[in-house]
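Participant: could you work out the structure for the sequence below:
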Amino acid sequence: MPTLKLFKKSHSKSNASQEHPAPDVPANDKEDVPRPITTTSDDAVPEYSDSLKEAWAAAHRDLPKAQGAEKLLNTIGNVQGALTLSPGQLTVVDTLATPAKALMDTTKFADSIHKGVNAFMEAVPPLMKALDEVGNIHPFIKVAVLAFKAVYTLEKKRRENDKRILALYVEMKDTMEVLLSLRGIADPDQIAPDGKSIRGRMQKLCEDVAQDIDKCAEVCDTYISRKILIKIFAGPIWEGRLVEFVDVFTKRRGEFEFAMALHTTAGVDAANLKLETVDKRTAEISQKMDAMRQLFEEFVTPQQKVLTAKMEAMGGYSVLEDEQAMKELASAESALSTGSGPESRSGGGRAFNFVELQQEINADPKDAIEKNSEFFNRKFDIQKREIVDEITRAFNRGGDRVILAILEGPHDRIVDPDIYEMWKEMRWRGSVKAQRFVLALRDHYIDKAAGDSGSITGPDSWALKYINLGRMRSILEAFDDDASGFVTVNEVNSLAQSRPLRWSLPHWIAYWAIGWQMTCTAYCVKIEEIFDAMISLSSEVLPENKQAINKYVDAIWRPVTIFVQSIEREEGSEELRSKFEPHVTAEESRLRRNFEVLNYRIDSSDTVRVISGEGRLETTLFPMFYLALKRDLEKISLARKYVLSEDELSENSTAILPIGDVAWDRMASLKGIFKQQNLEARDQFEVFAKGLYNTASTPGAFHQLQDLSEPIPCREEIIPDPDSIPLSILHNPLKKRHEIDFAAYDPPELTLSPAEGAHPLLGVYYGFIYDGKSPSDPMMKFTLGKGDDEDTFVASGTHYRGGWYKDYKITGNWGSPLEDGKIPVEFKIAYSANYQSNTELKGLFDPEENSLRGTMAMQFRRMTGEFVFKRDPDFVRLYPAPCVMNARKRWEFATTLVLDRVRQRAWSTKRILQRIRDGKRFVELALRQYLGRTYGWDEMAELLNLLNCLYEADIRFYGSLVYIHLEKTTIFDSIVCNNCFTIPEGSRIICLDCRNETTLVNLCSEPECVNCTIKFHIPGRKPHLPTHGMFKVHRFVFLRDMARVGGEAKSSLEFARRHFAYIGVEEGPECAHCKTVVSPPCWFCSDCQEETYICDDCEYRGLAFGEKHTKMHTVVRVFERGEEKERLTEERLQFLEDKLGRMEETLVEVRQTLAILVEKSGAPSRSEPVANGDVLAG
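Facilitator: Residues are numbered from 1 along each chain as shown. Below is the predicted model:
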């Protein structure tokens, strides 16, 4: 082929430059201009042709916008299309175009991914259908297709889709689309030129792709589960990990294309084909990764943007080291992440932990992914199994029509033959009004069943009785899943294909007409029985478990019952229940299997959707509640025999609540649909799903529904036997029973010196860690033993600190002795329950003193101090803090130590009694600390002195008494007294007159709280008065029983008031204990069969309890109504006085404002103040 010459020969440079002037290039850029490439002729001088001048100039202009680059490429493309260049000449054009082309490719990829993200959820279903068809021809691709389907289904079930994750899934989708090319290869055993079949080449590759899809989904799932704060502070690290999958899937797509090209392109040399695509693929990966990083910045969620702005306003990334700032950010994140249902999470939330948050932010993504791996794989397996089961059901289900490729109308896409005939006959298009569809369906089945005889017969004749106008709403909801008011062909097919095997469509419709409601009713009864059993068992569990179980039942009862009490119930007949029983049993087995795969752990509402599977939430909500509660009932039954971990049931309270969260999300979605249809949501929720969401959607409705009747005792067969329950159902190890720690006084094996032949450092130590002028915690005691390596030591023990026993481990090492004989030591105290208190210590061991001294640092608390450990507990018990040590303190210490040892050897009674008094006082102050009661300055100094002077054995012994007391005493730690703001201990008082729909007035039993007046800063709310009716309980009252107990107390109070009004105060009844005549205010028992009155003093001191009147009884506080009216009058007068005072302040402000206006206007001011009348007149 003749080649167009681009350059002219010239023997003179000047002539060349005149004939072909150089392109316009800025002077400062001339050095960067590449030299023209010489021709092969020795005397040829290269020059630009006229056709390349424009391309050359454009290539060296600045390209601030993508549009400019696009024009450049168009120009170059036109030139290249018009010319045929030699290889050397083509290099010039490629060199000039590379920067602009890279920019354009990145922009192109970003636009492509952006469009793919927006269309991902709609584009995947037809792709999966096409892949299924290819899979029928080439079964070896099914492993990759199944993994891709599972990823898509999991993403579809997420409450919110993160576009950053969808961007990766678009790459995954593009890789899977390549497999559609296999449709052109009919024979999977076709041999390529290299001697391999398509099956042999692709099978291993598809398995590898399935693993890549699995791994990508695992990383994405871990990333999604991270807190927003982690995504902000550790975002670049995580995004880098995610972007790696762009490389993975782009390479996999290239491998697919190469493998199939060998079987579809004749005469292509495989090696050359491979080499041609390497460079292209490498450039594509780089550009895609750049595009993906840009899109990650664009796809940041609104919540993350809000939190990022707040973080930057607080000082940027420096807040990571500020505990208070991070706590504020965590609170903001919690508010942003709150679900739509305020009722759904009434408890179970975790408290802010600064150290834990820092560790999560600084953690390597690899560790987080590995930690999440097992749980995700369980979810992924559930999803894949659900897909396989659905394929199996579709294969085994008979009677469905075969959809032909050529369609005459929308009816040809309907799989059920009956609905197909009806749809065709009615000449409906793609959708029809739901009400019209149900009426036509009923008439169609009735006509078909009647036939020529006119009588309804056949195996499904019983079902036709329930396809009627009275059940039309339920049937309509079954077909119209999105509550749009229309039934589409897809919705018809979805319901028809979801029917159980060997069930006809009328049978399935009858289930939705009445069977679903009957099933829900049965599960509601079972759930109520489980709650009855839990409350019954709460009084039988070990004391160590009582508090946790009480809190757990109260945390989950309301979120579950708000739906259980709302739905309209339908018992149905036994015969009718038998019609639906196989399906109900199969569904419960499926859900139970999914729960067991996940070990009954539910970390989010997305996991609930995985367990639930496809279909309407209304069908699985109550079975899921039932199965989760049944497992927790088994754990509560174990609590009668074993001491459970505190986290065991708190974990389950948060595991059950996400099920309720999904229901709240469903309700919010329905509310939006009703709003779009201009329907009143409240009216719709009254009838939708038989009123399932009615109570939750109506403020205050739950309070009105509470049952005031006595609960029915639970059946014994419901309560499982603890001996028949495997301990493997527990997520945490068992704990030891709390007993009085008499072992604290056992003598140690080593006292003042280590074992013979051991290093002098090893042995028993007593001492303190000081954070200032006083110890930070009570005395410690540990025994250092030899470690595994040379010059190392270890120890372990239990330390009573912060009101609780804390297990710890000590690891450390010693160095070579110094010149003075002292040995440098470094060790760490690590607490298993609270790594926030982990302490690093550095110091010296003095063999002459047998002492360890040095400095300590708590890294996470940013606290430093000193420590002193000796083998003699009396020495460190009386030793002052090192920072205050001086000559005077040293002398006082020496004299005190000598005197104490003299008394100790003489068995001084005074010393022994003082030690006992100190221990008892420590118990009192420790209990006050637990209950949140404030200390005075004197009491604080007293506590610090006790921490310093009590032996480690005393702390352990009296600390165990604190444990025992807390276990035997009812602690109402879910509430605080509205007057003194402490946790009520032993009893709880609730005001009957201040109760409303959301809050209660709670008081402790202290006289100053019982007789207090509480004003609320809420407009229109009356204050609490001591004359109000109140009732007092010494037991834990569950929310389920609160309305009933309060109602009984109110009736008892009315009786006692009438009694006093009838007999008069002078002839009042006697106190049940002290036998003195009582008069209001006093207490009256609501549960005793005989009339039992108790005076204030005996009730406060708990002296009236006996065989008849026990702590399980409720007492009411009796006050005469007259005194209450008198007190209310005083309150009204005070209110009027306050109002008048505010009016006077307002008038003063008005006078001041007018004076300023007069002064600005220039009018003469008055020498006398403006009177009120003048102000009003002006």
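
Participant: switch to C-alpha atoms for all contacts and neighbour counts from now on
Facilitator: Noted.

Participant: where does the prediction get shaky in the stretch 1-150 of the chain?
Facilitator: Low-confidence segments of the stretch 1-150 of the chain (pLDDT under 70): 1-109.

Participant: and if we set it to 90?
Facilitator: Filtered on pLDDT under 90, the stretch 1-150 of the chain yields the residue ranges 1-126, 128-129, 132-139.

Participant: so what's Ala655 closest to, chain neighbours aside?
Facilitator: Spatial nearest neighbour of Ala655, chain neighbours left out: Ile602 (4.8 Å); criterion: Cα to Cα, 6 or more residues apart in numbering.

Participant: part of a strand, is that neighbour?
Facilitator: No. Read with DSSP: H, G, I helix; E, B strand; the rest coil, Ile602 is coil and lies in no strand.

Participant: ok, it touching Leu657?
Facilitator: No. The criterion here is Cα atoms under 8 Å, and Ile602 misses it with Leu657 at 9.1 Å.

Participant: what sits against Leu1140?
Facilitator: With Cα atoms under 8 Å, 6 or more residues apart in numbering as the criterion, no residue contacts Leu1140.

Participant: and it, what's its pLDDT?
Facilitator: At Leu1140, the model reports a pLDDT of 76.

Participant: which helix or strand contains it?
Facilitator: Following DSSP states H and E, one finds Leu1140 within helix 1121-1161.

Participant: now Trp423: how far from Val438?
Facilitator: Going from Trp423 to Val438 by Cα to Cα, to the nearest Å gives 12 Å.

Participant: quick one: contacts for Phe296?
Facilitator: Phe296 sits in contact with Arg164, Glu239, where contact means Cα under 8 Å, 6+ apart.

Participant: now do it against Phe922, distance only.
Facilitator: For Phe296 relative to Phe922 (Cα to Cα), the value is 57 Å.

Participant: same check, this time on Ala555
Facilitator: Ala555 is 33 Å from Phe922, by Cα to Cα.

Participant: swap in Ile556?
Facilitator: 36 Å.

Participant: per-residue pLDDT, Ile1094?
Facilitator: With respect to pLDDT, Ile1094 scores 94.

Participant: elements contacting the one helix or strand Arg590 maps to?
Facilitator: Assigned by DSSP H and E, Arg590 belongs to helix 574-597. Identification of packing neighbours for helix 574-597 by 3 or more Cα pairs under 8 Å, 6 or more residues apart in numbering; DSSP states H and E yields helix 365-396, helix 605-612, helix 621-638.

Participant: could I get the buried residue list for it?
Facilitator: 576-577, 579-580, 583-584, 587-588, 590-592, 594-595, 597 (16 or more other Cα atoms under 10 Å).

Participant: which of those residues sits closest to Gly195?
Facilitator: Val597 (44.2 Å; Cα to Cα).

Participant: what does the model give that closest one for pLDDT?
Facilitator: For Val597, the predicted pLDDT is 92.

Participant: gap between the residue nearest the centre of the chain and Ile656?
Facilitator: With distances taken as Cα atoms, centre = their mean, the residue of the chain nearest its centroid is Ser604 (5.6 Å). In this view, Ser604 and Ile656 are 10 Å apart by Cα to Cα.

Participant: can you check Ser960 too?
Facilitator: 34 Å.

Participant: which of these two has more neighbours?
Facilitator: Ile656 (31 against 21; other Cα atoms under 10 Å).

Participant: now that one. Nearest residue, chain neighbours left out?
Facilitator: Ala628 (6.6 Å).

Participant: now Glu155
Facilitator: Asn161 (7.0 Å).

Participant: buried ones in stretch 550-557?
Facilitator: Asn550, Lys551, Tyr552, Val553, Asp554, Ala555, Ile556, Trp557.

Participant: name the nearest of those residues relative to Thr864.
Facilitator: Lys551 (37.2 Å).

Participant: so the closest one makes contact with Phe972?
Facilitator: No. Using Cα under 8 Å as the test, Lys551 is too far from Phe972 to be in contact (9.3 Å).

Participant: before we move on, back to that, more crowded one of Ile602 and Leu657?
Facilitator: Leu657 (26 against 22).

Participant: and that one, what pLDDT?
Facilitator: 87.

Participant: what of Lys327?
Facilitator: 85.

Participant: can you tell me the helix or strand for it?
Facilitator: Per DSSP H and E, Lys327 falls inside helix 323-337.

Participant: now that helix: how far from the chain's centre is it?
Facilitator: 14 Å (Cα atoms, centre = their mean, to the nearest Å).

Participant: give me the buried positions along that helix.
Facilitator: Buried-residue list, helix 323-337, by 16+ other Cα under 10 Å: Glu323, Ala325, Met326, Lys327, Leu329, Ala330, Glu333.

Participant: also stretch 125-136?
Facilitator: Neighbour-count burial for stretch 125-136 [16+ other Cα under 10 Å]: Met128, Leu131, Asp132, Val134, Gly135.

Participant: same question for stretch 1079-1087.
Facilitator: Ser1079, Pro1080, Cys1082, Trp1083, Phe1084, Cys1085, Ser1086, Asp1087.

Participant: what's the span of stretch 460-474, first residue to last?
Facilitator: First-to-last residue span, stretch 460-474, Cα to Cα: 19 Å.

Participant: averaged pLDDT, that stretch. What do you get?
Facilitator: 85.

Participant: show me the contact partners of it.
Facilitator: 435, 438-439, 442, 445-446, 449, 475, 504, 506-507, 509-510, 512-514, 688-690.

Participant: can I have the buried ones of the residues you listed as a ChimeraX selection?
Facilitator: To isolate the buried members of the contacts of stretch 460-474 in ChimeraX, using 16+ other Cα under 10 Å:
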select :435,438,442,445,446,449,475,504,506,507,509,510,512,513,514,688,689,690
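
Participant: hmm, back to that, how about the helices and strands packed on helix 574-597, which one is nearest Phe869?
Facilitator: Closest to Phe869 of these is helix 365-396 (Cα to Cα; 37.8 Å).

Participant: still on that earlier bit, using PDB, write out every CA atom in the helix holding Arg590.
Facilitator: What follows is helix 574-597, C-alpha atoms only, in PDB (Å, rounded to 0.1, in the frame of the first residue of the first chain):
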ATOM      1  CA  GLU A 574     -58.400 -27.100  65.000                       C
ATOM      2  CA  GLU A 575     -59.400 -28.500  61.600                       C
ATOM      3  CA  LEU A 576     -58.500 -25.300  59.900                       C
ATOM      4  CA  ARG A 577     -55.200 -25.000  61.700                       C
ATOM      5  CA  SER A 578     -54.300 -28.500  60.400                       C
ATOM      6  CA  LYS A 579     -54.600 -27.200  56.900                       C
ATOM      7  CA  PHE A 580     -51.700 -24.700  57.400                       C
ATOM      8  CA  GLU A 581     -49.700 -26.600  60.000                       C
ATOM      9  CA  PRO A 582     -47.100 -28.100  57.600                       C
ATOM     10  CA  HIS A 583     -46.100 -24.700  56.200                       C
ATOM     11  CA  VAL A 584     -46.000 -23.100  59.600                       C
ATOM     12  CA  THR A 585     -43.800 -25.900  61.000                       C
ATOM     13  CA  ALA A 586     -41.500 -25.800  57.900                       C
ATOM     14  CA  GLU A 587     -41.000 -22.000  58.200                       C
ATOM     15  CA  GLU A 588     -40.200 -22.300  61.900                       C
ATOM     16  CA  SER A 589     -37.700 -25.000  61.200                       C
ATOM     17  CA  ARG A 590     -36.100 -22.800  58.500                       C
ATOM     18  CA  LEU A 591     -35.800 -19.800  60.800                       C
ATOM     19  CA  ARG A 592     -34.500 -22.000  63.700                       C
ATOM     20  CA  ARG A 593     -31.800 -23.400  61.400                       C
ATOM     21  CA  ASN A 594     -30.800 -19.900  60.400                       C
ATOM     22  CA  PHE A 595     -30.600 -18.800  64.000                       C
ATOM     23  CA  GLU A 596     -28.500 -21.800  64.900                       C
ATOM     24  CA  VAL A 597     -26.100 -21.200  62.000                       C
END
